[in-house]
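# Here is my input, please return the structure:
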Amino acid sequence: MKIVEAYDDLDWYRHQRKTAATVTVTLTYDGTTVELDLSDENKAALDARMADLLQVGRETAAKAAGPRRNFTKDDLHRAREYYKAIRIWADANHIMSADGTRPAYLTPAGHSYYPAGLVTLYEEYMKTSDSA
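Numbers count the residues shown, from 1 in each chain. Prediction:
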């Protein structure tokens with residue numbers, strides 16, 4: 001059985017502590033976009049810190065990361081098929097969450113979540129199976 005672990009980036013950076021991440025957040029500031037894997041506690045802290053800024057800021061028509069893109073039905077279909085393939089592959093290979101209680105692509109609440117580690121494993125598998 002393979003285990004995919006997503007750790008809270010802030011806890012690791014600050015304390016070298018491996019705290020399980022439950023969500024990935026994308027932030028854009030001053031032209032730089034980053035993704036953070038966060039625990040519930042650090043997500044709540046981020047939400048609290050961002051509340052005032054989001055309340056007084058102006059909403060824009062397009063996301064800061066770039067112009068808004070309208071996805072076609074084909075784009076959405078390809079995305080659904082991609083994530084379905086990851087689920088099938090993860091199930092076939094018994095890839096579980098860090099605590100071993102659920103598939104790696106589900107949160108404790110049962111929502112779909114594709115941590116970077118799982119996607120990377122799948123992409124590596126696809127590269128090796130394509131070259132074989």
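# which helices and strands sit right next to the longest helix along the chain?
Ranked by residue count, the top helix of the chain under DSSP state H comes out as helix 73-92. Counting contacts by 3 or more C-beta pairs under 8 Å, 6 or more residues apart in numbering; DSSP states H and E, helix 73-92 packs against helix 116-131. For glycine as for every other residue, the C-beta is placed from the backbone atoms N, C-alpha and C.
# Any buried residues in the helix it packs on, and which?
Buried residues in helix 116-131, counted by 16 or more other C-beta atoms under 10 Å: 117, 118, 121, 122.
# That helix vs helix 73-92, what angle?
Computed with axes from the mean of the first three to the mean of the last three C-alpha atoms, to 10 degrees, the direction of helix 116-131 lies at 90 degrees from that of helix 73-92.
# Let's see helix 116-131 as PDB, backbone CA atoms only.
The C-alpha coordinates for helix 116-131 follow below in PDB (Å, rounded to 0.1, in the frame of the first residue of the first chain):
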ATOM      1  CA  ALA A 116       0.100  17.500  -5.200                       C
ATOM      2  CA  GLY A 117       1.900  14.300  -4.000                       C
ATOM      3  CA  LEU A 118      -0.900  12.100  -5.400                       C
ATOM      4  CA  VAL A 119      -0.900  13.900  -8.700                       C
ATOM      5  CA  THR A 120       2.900  13.700  -8.900                       C
ATOM      6  CA  LEU A 121       2.800  10.000  -8.300                       C
ATOM      7  CA  TYR A 122       0.200   9.500 -10.900                       C
ATOM      8  CA  GLU A 123       2.100  11.600 -13.500                       C
ATOM      9  CA  GLU A 124       5.300   9.600 -12.700                       C
ATOM     10  CA  TYR A 125       3.400   6.400 -13.200                       C
ATOM     11  CA  MET A 126       2.000   7.700 -16.500                       C
ATOM     12  CA  LYS A 127       5.500   8.600 -17.800                       C
ATOM     13  CA  THR A 128       6.900   5.200 -16.900                       C
ATOM     14  CA  SER A 129       4.000   3.400 -18.400                       C
ATOM     15  CA  ASP A 130       4.200   5.500 -21.600                       C
ATOM     16  CA  SER A 131       7.900   4.700 -22.000                       C
END
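# All set, thanks.
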